[in-house]
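*Asks:* sequence unknown, structure follows:
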């Protein structure tokens, strides 16, 4: 069902979906899922949580497809939804209140989200543990900036924040991360 | 340790994290099938009433406020009318007191 439409442009698949062809949407999901999974995996490390984020992204894309304006590629629109879903995930996780100290996280070898695939490098574990301690806004901006290598303008487009806001939050996030890493010493 | 060292260390860790992107291929397998199943379930079990009832919440809230205002106004008017009636038609005890 998916391969037959592999050469069709995204815009046509969007039109087909709006006309009621769910297989067209399945093809859109097939094309863009790797990107969405890649971003989600930067924030959640548990496979089930990553899957939940990605499903939420495509479910929202499906039900809000009429709001998609053709002035930017479909992938950009989906990534904007992904960014918001990841932010929602971070806020929910913070609200659920499992905030351990960095030492406790390192001792257990886990982030609060209980990764099924712990990072192989011990330094990476330290980084992930410190990232898990950041505020959702800080973690979002530092992840997009440093791990996804997005520019300030791109982050502003993805989050809906102003570029000045992105810069301030990135600066604060880096300072907070530096402090957390310093405390680990 | 000074800030520059820490910054350099952070940059090195970021580079390491960028290089080690986690493998999500297992989770991606048959993702579209699960997604379509969820979409079907949501469109089938998402009746119009569920959507409409949520949108009607402000309307019902406004009704409650309007009813409360109306009720308090009616109560105030009734009390006023009762007082007027009392003044114009004093009770038997008041008449007896007036006679004495």
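*Replies:* That came through, no problem. Being a predicted model, the structure only gives us computed values, none of them experimental.

*Asks:* make it CA atoms for all contacts and neighbour counts henceforth
*Replies:* Fine.

*Asks:* after the helix-or-strand element of chain A with minimal mean pLDDT comes which helix or strand?
*Replies:* Within chain A, no helix or strand scores below helix A:102-108, which has a mean of 49 by mean pLDDT, DSSP states H and E. Counting by DSSP states H and E, the next helix or strand C-terminal to helix A:102-108 is helix A:122-133.

*Asks:* just how off-centre is the helix or strand following that following helix within its chain?
*Replies:* As assigned by DSSP H and E, the chain's next helix or strand after helix A:122-133 is helix A:136-142. Relative to its chain's centre, helix A:136-142 lies at 10 Å (CA atoms, centre = their mean, to the nearest Å).

*Asks:* show residues contacting helix A:136-142.
*Replies:* Outside helix A:136-142, the residues that touch it by CA atoms under 8 Å, 6 or more residues apart in numbering or on different chains are A:86-87, A:90-91, A:94, A:131-132, A:155, A:166, A:169-170, A:172-174.

*Asks:* rerun at 7 Å
*Replies:* For helix A:136-142, contacts defined as CA atoms under 7 Å, 6 or more residues apart in numbering or on different chains pick out A:87, A:90-91, A:131, A:166, A:169-170, A:173.

*Asks:* check residue B:56 and give its pLDDT.
*Replies:* pLDDT for residue B:56: 86.

*Asks:* spatially central residue for chain B, please.
*Replies:* In chain B, the centroid-proximal residue (CA atoms, centre = their mean) is residue B:57; its distance is 8.2 Å.

*Asks:* sort out which residues of stretch B:10-17 are buried, please.
*Replies:* In terms of neighbour count (16 or more other CA atoms under 10 Å in any protein chain shown), stretch B:10-17 has its buried residues at B:10, B:13-14, B:16-17.

*Asks:* grab the nearest non-local neighbour of residue B:18.
*Replies:* Nearest residue to residue B:18, sequence neighbours excluded (CA to CA, 6 or more residues apart in numbering or on different chains): residue A:147, at 5.3 Å.

*Asks:* ok, the one you found touching residue B:20?
*Replies:* No: if you go by CA atoms under 7 Å, residue A:147 and residue B:20 don't touch, sitting 10.1 Å apart.

*Asks:* neighbour count winner among these two?
*Replies:* Neighbours per residue, other CA atoms under 10 Å in any protein chain shown: of residue A:147 and residue B:20, the larger number sits with residue A:147, 19 against 13.

*Asks:* which of the contacts of helix A:136-142 sits closest to chain B?
*Replies:* Using CA to the nearest CA, the shortest approach to chain B within the contacts of helix A:136-142 belongs to residue A:131, at 11.1 Å.

*Asks:* enumerate every residue touching that closest one.
*Replies:* Per CA under 7 Å, 6+ apart, neighbours of residue A:131: A:139, A:177.

*Asks:* returning to that earlier point: could you dump the buried residues of stretch B:10-17 to a markdown table with distance to chain A?
*Replies:* Below are these laid out as a markdown table (distance: CA to the nearest CA, whole Å):
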| residue | distance to chain A |
| --- | --- |
| B:10 | 7 |
| B:13 | 7 |
| B:14 | 6 |
| B:16 | 7 |
| B:17 | 7 |
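
*Asks:* for those residues, which one is nearest residue A:17?
*Replies:* Nearest to residue A:17 out of the buried residues of stretch B:10-17 is residue B:17 (CA to CA; 36.9 Å).

*Asks:* now the strand or helix carrying that closest one: average pLDDT?
*Replies:* Per DSSP H and E: residue B:17 is located in helix B:3-19. Taken as a whole, helix B:3-19 has a mean pLDDT of 87.

*Asks:* what does that helix rub up against?
*Replies:* By CA under 7 Å, 6+ apart, helix B:3-19 touches A:124, A:127, A:146-147, A:178.

*Asks:* could you flag which of these are buried?
*Replies:* With burial judged by 16+ other CA under 10 Å, the buried subset of the contacts of helix B:3-19 is A:124, A:127, A:146-147, A:178.

*Asks:* tell me which two of those sit farthest apart.
*Replies:* Within the buried ones among the contacts of helix B:3-19, A:147 and A:178 form the most distant pair, 15.8 Å apart (CA to CA).

*Asks:* around chain A, pick out the residues from chain B.
*Replies:* With CA under 7 Å from any CA of the partner chain as the criterion, chain B comes near chain A at residues B:6, B:13-14, B:17-18, B:22, B:24, B:27, B:32, B:35, B:39.
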